[in-house]
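1. what's the 3D shape of this:
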Amino acid sequence: MICYDIHNMRYIYFFSIFFFFSAINAQAYNPSLNTTEIPYEIFTADSKVGLKAEYLGELSGYPQMYEFTLGQDEELYLSLSQADNEEIVPFSVIVVRENDKNGGVAEIGRLRSDEANWVRTKDSVLGISLLQTDSFTAPIGSGVYRVEVSTPDNEGKYMLTIGQDDPEVGYFKTVGGVRQIQSFFDYSIFSLLKSSFVFYPVGIIVLLGLFFFTRRYKDELRARFSNQK
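-> This is a model prediction of the structure:
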């Protein structure tokens, strides 16, 4: 009886964990850290602008520039996030396209600092609150595009998100990405426990473990009491 229950509980235990890991992979984070050091150095972004990608950057006296090359028509989607502090950093974003023949650039659109609507968002996967702008969208065709992030004094940390569709990223890589974003915005390692990617698996493991050992303990007591009779 005990062996039978233990055998069944193992199947339930591993099936629950497998089902959870499979289900939550629909939402993913895989951020890239902007490591440019030279003023106005260009950071190459993923050309698959339809897939969601996060870029973590910190302005240190000059704007930061992202560039991607597109070979087909796409819908550009981007937004900006910053730490949930009382003082909002007045970030601006401008998107331009390089002209093919006569040089120069053409403006596609921008998020102005004086018009940005910063909204507090709590992301259950990230486990933290951030301030996020309204999204900017625009239809774009093939060509070379640049996205510039700046402030009046070019100081402050931000997360630039390009794209809407979640990429296929494994569980542990997503957890690593979540921790990278938390750490970038100065959240402690304990914030990881607030992420649904960590909180729920740990909760499932603990609950199933308690059920497993409680059931086993009860069966052992019942068997011992029956032998005494």
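2. which regions of the protein lie under the pLDDT threshold?
-> Counting by pLDDT under 70, the chain contains low-confidence ranges at 1-27, 198-213, 215-229.
3. 50 instead?
-> Where the chain drops to pLDDT under 50, the residues are 1-4, 6, 19, 23.
4. Tell me which residue is most central in it.
-> Centroid-nearest residue in the chain, with CA atoms, centre = their mean: Y29, separated by 3.3 Å.
5. List the beta-bridge partners for the closest residue to S135 other than its chain neighbours.
-> Counting by CB to CB, 6 or more residues apart in numbering, S79 is the residue found nearest to S135 once chain neighbours are left out, at 4.5 Å. All C-beta atoms are positioned from the backbone trio N, CA, C, and that covers glycine. Counting by DSSP bridges, S79 forms beta bridges with T161.
6. Looks to me like the residue nearest to the centre of the chain is in a helix.
-> No. Per DSSP: H, G, I helix; E, B strand; the rest coil, Y29 lies outside any helix segment and is coil.
7. So it is in contact with E54, correct?
-> Yes. Assessed by CB atoms under 8 Å, Y29 is found in contact with E54 at 6.3 Å.
8. Between the two, which contacts overlap?
-> Jointly contacting Y29 and E54 under the rule CB atoms under 8 Å, 6 or more residues apart in numbering are 177, 181.
9. contacting residues around the residue nearest to S135?
-> By CB under 8 Å, 6+ apart, the residues touching S79 are 132-136, 160-161.
10. Please repeat the previous calculation with a cut-off of 6 Å.
-> Listed by CB atoms under 6 Å, 6 or more residues apart in numbering, the contact set of S79 reads 132-133, 135, 161.
11. Which residue comes closest to Y55 once chain neighbours are left out?
-> Sequence neighbours aside, L160 is the residue nearest to Y55 in space, at 4.4 Å (criterion: CB to CB, 6+ apart).
12. can you check G156 too?
-> Leaving aside its sequence neighbours, G156 sits nearest to V89 (CB to CB, 6+ apart; 3.9 Å).
13. where does the one you found fall, helix, sheet strand or coil?
-> For V89, the reduced secondary structure class is coil; criterion used: three-state DSSP.
14. okay, now it: neighbour count?
-> 19 (other CB atoms under 10 Å).
15. can I assume it is in contact with L80?
-> No. Counting by CB atoms under 6 Å, V89 sits too far from L80 to count as a contact (9.8 Å).
16. hmm, who's touching whatever helix or strand E148 lives in?
-> Using DSSP states H and E, E148 sits within strand 143-150. Contacting residues not belonging to strand 143-150 are listed as 63-69, 92-98 [CB under 6 Å, 6+ apart].
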